[in-house]
Structures are given as structure tokens and as C-alpha cells.
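J.: Structure, please.
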Amino acid sequence: MSNRSAQNEGTREVRDAHRFDVSRLDGWLRQNIEGYEGPLQVEQFKGGQSNPTYKLVTPGRRYVLRRKPPGKLLPGAHAVDREYRVIEALGRKQFPVPKTFGLCLDEEVIGTIFYVMEMVEGRIFWEPTFPEVGLSERPAYFDAMNATIAALHAVDPGPAGLGDYGRPGNYFERQIGRWSKQYLGDEEAGRIPAMDRLVEWLPQSIPADDGEARAIHGDFRCDNMVFHASEPRILAVLDWELSTLGHPLADFSYHAMMYRLPASYFSGLAGLDLVALNIPSEADYIAAYCRRTGRENIPDFDFYMAFNMFRLAAILHGIKGRLARGTAASDHAGKMVESLDALADLAWQQAARAGAV
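T.: Numbers count the residues shown, from 1 in each chain. As a prediction, the model looks like this:
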């Protein structure tokens, strides 16, 4: 088992900071979820940096609960009601997401708002090398990820009921502004020179075509997917906290960022022998997405990489701030933020490839 698997896989006792009155939750479940029958046992998943996630075990079935964390939070963050909305909408379009059972906006039940969905049984791969899969099978797993994100970007937000899920157009401008503001405003996490340079360079370098709008996941990685137990097939895409209406190329390039993140941190693919691992090259992976979405190519790919690494660094910066405030949701949050400075420097390297000086 890899280090990331050991850190994230399975459940543990509920952390003291995330405990709640199980009897009150049991009462809500009995009133709001058809077919629910206790007794109820609650465990906390090890993974999840932002929104605490729990396994609800009953004699008849298992559920998953996602909640807004307790404590002081940044405005607009941890909107689990938005997660619930997009999962429910995409499920109606036969996109692979868990079935939803209920959303609770009453903070009196467990202390914060939450939602309940099915627990999808299958495999989660924590490393993009798919070490648990045989060499001959690996291309099929990459193709499944590629096809799934292309299918997401094919969903028309309007008919799906997501036409107002975010503001269409000017996605990069708004996102750069949002994450810059969050980075600059989190004084407890400190400042990073490369991030300061990116805050200045990115808004001046946005490609002209910033008008496309689709429902995007925002954190599309192999460890946010449940694969079939024995087939290269995705049963459910998880963790929609960062979803919104946005530019599909921002979403795809974030997913493809695995090719440029070193294997030494974030479990990337950069520096590995992809031919020996039988993993498609970055160029082939991009070409497959373009074929599926009717594009000839993706200009400005280096800008998209710089933007996404900046965004990911800003997310880690936020986790660093939550650590300082004592509200981080995962035991290994501290380990993740150790790579923050290196990620910021790598983001600036992508900007240099895109022409920054």
C-alpha cells in the first residue's frame, strides 16, 4: 500500500473536533430518508481535507454524510449544499455520481449543514500510476477518466438545471480574483514570493477565449473517482466542493496537471518512465480529450497549467490557514502543506513556459 493509500483509505473513529450527537442524526435520518432503519454507527473517512466525510453504517445498508466543518470559516467556502445540488442534477443526466438521499440545512441537527448520499462500492486509486492495475490494463483506466471528464463537459448546464450554478463567462478572470483574494486575505498562512508574482502575472495573461461555460468538477483526479471492482469503468465521481460553471479547459488542464506534478509530491507523473509504465503521454491524453470534445488542439496550455497550479497552491494555503486556526478536516493536512512552497515555484515555472519573465 502506498503512503497516500495508507493516509486516505478507510475510516477511523470520529475526530474530537468533528463529533456530534449521533442520536439527533439518527432521528433526522428516520424522518427524511425512505427505508432508513437503525441502529446507526458513525465512522469518519481518513481522506478529505476540507469537508468532513463520514460513513454511516446500519444493518441494512451504508451511507455517506458530508458536512460543513465546524469553526471559523472563510466566506463562501465549504458549501455542501452546492455539492448536493450538482450531484443531484448530474445524476438525472446519467452522469456517474452517487445517488443523493437528503440535504439538511438545519444546523441544530449536528452543528452544521450536511447531506447524505449512497456509499458507492468499488475501488479508489490514490496514485495516478495505478500500481494496483496490470501494465496491459492501465491505458483503459486512463481512457475511462478521459471519457468521463469529456462526458461531463458535454452536459448542457441549462437543461440539466445548472444554468445558474455559476456566472457564465470570464471564468479565469473571476477565479484568479477569487483565489488571489483568498490567498492574500489568509494572514495566518503567510505569504509566498512565487504566489505574489502569480497574483500579478495571471490576470494580465488570460487567453482571449474565456467565454465557454460548462459544469466543471474543479478537482478531477483519480482519487476522487470510484472505479468498478474489476473493470476500467468509473461508477461515481466524488468531491464536488469546487464545482461551478466554468471553462472546460480549466477543468481538463487541472486533471492533466498530473503529468507535470513530480512523483515526489502530489503523486504526479513527471519524471517517471511513462512508456515502461504503459501510461499514455501527455500529448496523447490531450489529443484523446480533443477528439472527444471536437477540438483541434488546446492553445495556451502552459497558461492553464500555471493557473491550475496557482489555484491548487491557494487551496493548500487555505489548508495551512485552517491548520493554524485548528479547523483542518484531515489528520495529514500538515503533510500536504509541506509541499506548498515547491508547488508555488512549479506554478511560476509554468508561467515562464507561457512567456512570463
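
J.: And the closest residue to Gly35 other than its chain neighbours, its phi and psi?
T.: Nearest in space to Gly35, with sequence neighbours left out and distances taken as C-beta to C-beta, 6 or more residues apart in numbering, is Gly60 at 7.6 Å. Glycine gets a C-beta too; all of them are placed from N, C-alpha and C. The phi and psi values for Gly60, taken as degrees, to the nearest 10, are phi -90, psi -30.

J.: Next one, pLDDT for Gly60 please.
T.: For Gly60, the pLDDT comes out at 93.

J.: Surely Pro299 touches Pro207?
T.: Yes. Pro299 lies in contact with Pro207 (C-beta atoms under 8 Å); the separation is 7.0 Å.

J.: Could you measure from the residue nearest to Gly35 over to Pro39?
T.: 11 Å (C-beta to C-beta, to the nearest Å).

J.: Helices of the stretch 51-200 of the chain, start to end?
T.: Listed in chain order, the helices of the stretch 51-200 of the chain (DSSP state H, counting those that start in this stretch) span 80-92, 138-154, 171-185, 193-201.

J.: ok, now how distant is Leu274 from Arg292?
T.: Going from Leu274 to Arg292 by C-beta to C-beta gives 21 Å.

J.: How about Val97?
T.: Using C-beta to C-beta, Val97 is found at 19 Å from Arg292.

J.: and what of Arg353?
T.: Relative to Arg292, and taking C-beta to C-beta, Arg353 is found at 26 Å.

J.: Find the residue closest to the residue nearest the centre of the chain in space, skipping its chain neighbours.
T.: For the chain, the residue nearest the mean C-alpha position is Asp219 (2.8 Å; C-alpha atoms, centre = their mean). Leaving out its chain neighbours, the residue that sits closest to Asp219 by C-beta to C-beta, 6+ apart is Leu242, at 5.1 Å.

J.: That neighbour reaches Phe220, doesn't it?
T.: No. Taking C-beta under 8 Å as the definition, Leu242 is not a contact partner of Phe220, at 9.6 Å.

J.: Looking at those two, which is more packed in?
T.: Neighbours were counted for Leu242 and for Phe220 using other C-beta atoms under 10 Å; Phe220 has more, 22 against 19.

J.: That one: which element?
T.: Under the criterion of DSSP states H and E, Phe220 resides outside all helices and strands.

J.: got the contact list for it?
T.: Applying C-beta atoms under 8 Å, 6 or more residues apart in numbering, we find Phe220 in contact with 145, 149, 152, 237, 251-252, 254-255.

J.: switch to 6 Å and redo it
T.: 149, 255 (C-beta atoms under 6 Å, 6 or more residues apart in numbering).

J.: What pLDDT is listed against the residue nearest to Gly71 when sequence neighbours are not counted?
T.: Spatially, and ignoring its direct neighbours in sequence, Gly71 is nearest to Thr327 (3.9 Å; C-beta to C-beta, 6+ apart). With respect to pLDDT, Thr327 scores 71.

J.: my hunch is that Thr327 is in a strand, does that hold up?
T.: No. Going by DSSP: H, G, I helix; E, B strand; the rest coil, the assignment for Thr327 is coil, not a strand.
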